[in-house]
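Enquirer: Below is the sequence, then the predicted model.
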Amino acid sequence: MIEAFLNEQSLHAQYTDLAQFTEALIQLNRLLLRISEFHVDKRAFFDRRLYSSTVTERGQIFSSCLDNLRDKSVRFQFKIVLWNRLDVTEWRSETQQEECSYTLNSEDVAGTSVAELTERSIQGKVGFLLNFSPSKFPAVRCIVVEKAAVQSATIDSVNTDRDLDDWCQLYPELGLIRYEQLGGRVPLNRETILADRGRFERTNLRNQGKVVYLERKTNYFFAIDNSHGTHFEVFNANKQHIGTADLRGVLDRTRAARGRKLG
């Protein structure tokens, strides 16, 4: 069983405006979707105080920012994945924390998701904080929390896809290491970023027999390389080949094939 805690403490008025927050939520949605597709027993937790956490420098809170997103599909995906696919639970209904201090960098974080994960880690459970990014929380296994100044736990913290990949590497027995790391076969579309319905939509196009997906934000077409499965072939809106992207979606324009077109 793995336990993922949506970390309300990772919202601390770090975004200058709603656009920055939207990008952070898109990234978080991508991570939530990946977690929902883990083929292991899992639970997702949150604290209702998340909704009153301060998001922007102007003092806007999470619930207000969520309601005022210009791209409503981002809000829709957040709610669908969190509530329907992950069946998120408010951890306060089954808290494991004791009535004592939990100290992180001289701050008592008792009564937060950080402290809850700390207590469960001390009990031997496996889990991680899932953060809005960027935030004050560093990546995997960099957070040491002291309990009552007599006991401590090092807890895992995930901000990006790379962090989640690194976390999966820590627990190979879970079988969650991504296919680009295992190799040996071409991954299925649902095993890659193409499964992110907030970012991509399926098309009727094919590239060397593989289904082509449209990236909503850029209008670029992505298809898994059919030979090795180690990258995506990428085409622009005019269906001209503009390069390849790694399995995290990072585009490399130096590998564009001149004259090549989609379809």
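Expert: It's in. Model, not experiment: these values are computed from the prediction.

Enquirer: in the protein, which spans are helices?
Expert: When secondary structure is read from DSSP state H, the chain shows helices at 18-36, 62-67, 72-79, 113-122, 161-170, 179-182.

Enquirer: Quick one: find the helix or strand in this structure with the lowest mean pLDDT.
Expert: Lowest mean confidence among the helices and strands of the chain (mean pLDDT, DSSP states H and E): helix 179-182, at a mean of 56.

Enquirer: before we move on, the earlier item: now the helices of the chain as CSV including mean neighbour count and distance to Val212?
Expert: (C-beta placed from N, C-alpha, C; glycine too.) Conversion of the helices of the chain to CSV gives the following (neighbours: other Cβ atoms under 10 Å; distance: least, Cβ to Cβ, whole Å):
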stretch, mean neighbour count, distance to Val212
helix 18-36, 20, 20
helix 62-67, 16, 32
helix 72-79, 15, 20
helix 113-122, 23, 39
helix 161-170, 18, 22
helix 179-182, 13, 19
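
Enquirer: Next, format those helices as JSON lines and append distance to Glu191.
Expert: Shown next, in JSON lines, are these (distance: least, Cβ to Cβ, whole Å):
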{"stretch": "helix 18-36", "distance to Glu191": "10"}
{"stretch": "helix 62-67", "distance to Glu191": "29"}
{"stretch": "helix 72-79", "distance to Glu191": "19"}
{"stretch": "helix 113-122", "distance to Glu191": "27"}
{"stretch": "helix 161-170", "distance to Glu191": "13"}
{"stretch": "helix 179-182", "distance to Glu191": "5"}
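
Enquirer: Relative to Arg190, how far out is the residue nearest the centre of the chain?
Expert: Among the residues of the chain, the one closest to the centroid is Leu31, at 1.8 Å (Cα atoms, centre = their mean). Taking Cβ to Cβ, to the nearest Å as the measure, Leu31 and Arg190 are separated by 16 Å.

Enquirer: go on, Arg206?
Expert: With Cβ to Cβ as the criterion, Arg206 and Arg190 are 17 Å apart.

Enquirer: For burial, what's the neighbour tally of Gly249?
Expert: For Gly249, the tally of surrounding residues (other Cβ atoms under 10 Å) stands at 19.

Enquirer: which residues touch the nearest residue to it once chain neighbours are set aside?
Expert: Beyond its immediate neighbours in the sequence, the residue positioned closest to Gly249 (Cβ to Cβ, 6 or more residues apart in numbering) is Ile193, lying 5.1 Å away. Ile193 sits next to Arg30, Asp161, Arg199, Phe200, Leu247, Arg248, Gly249 when contact means Cβ atoms under 8 Å, 6 or more residues apart in numbering.

Enquirer: And Leu11, by the same measure?
Expert: Leu50, Ser53, Thr54, Val55, Phe62, Phe132, Ser135.
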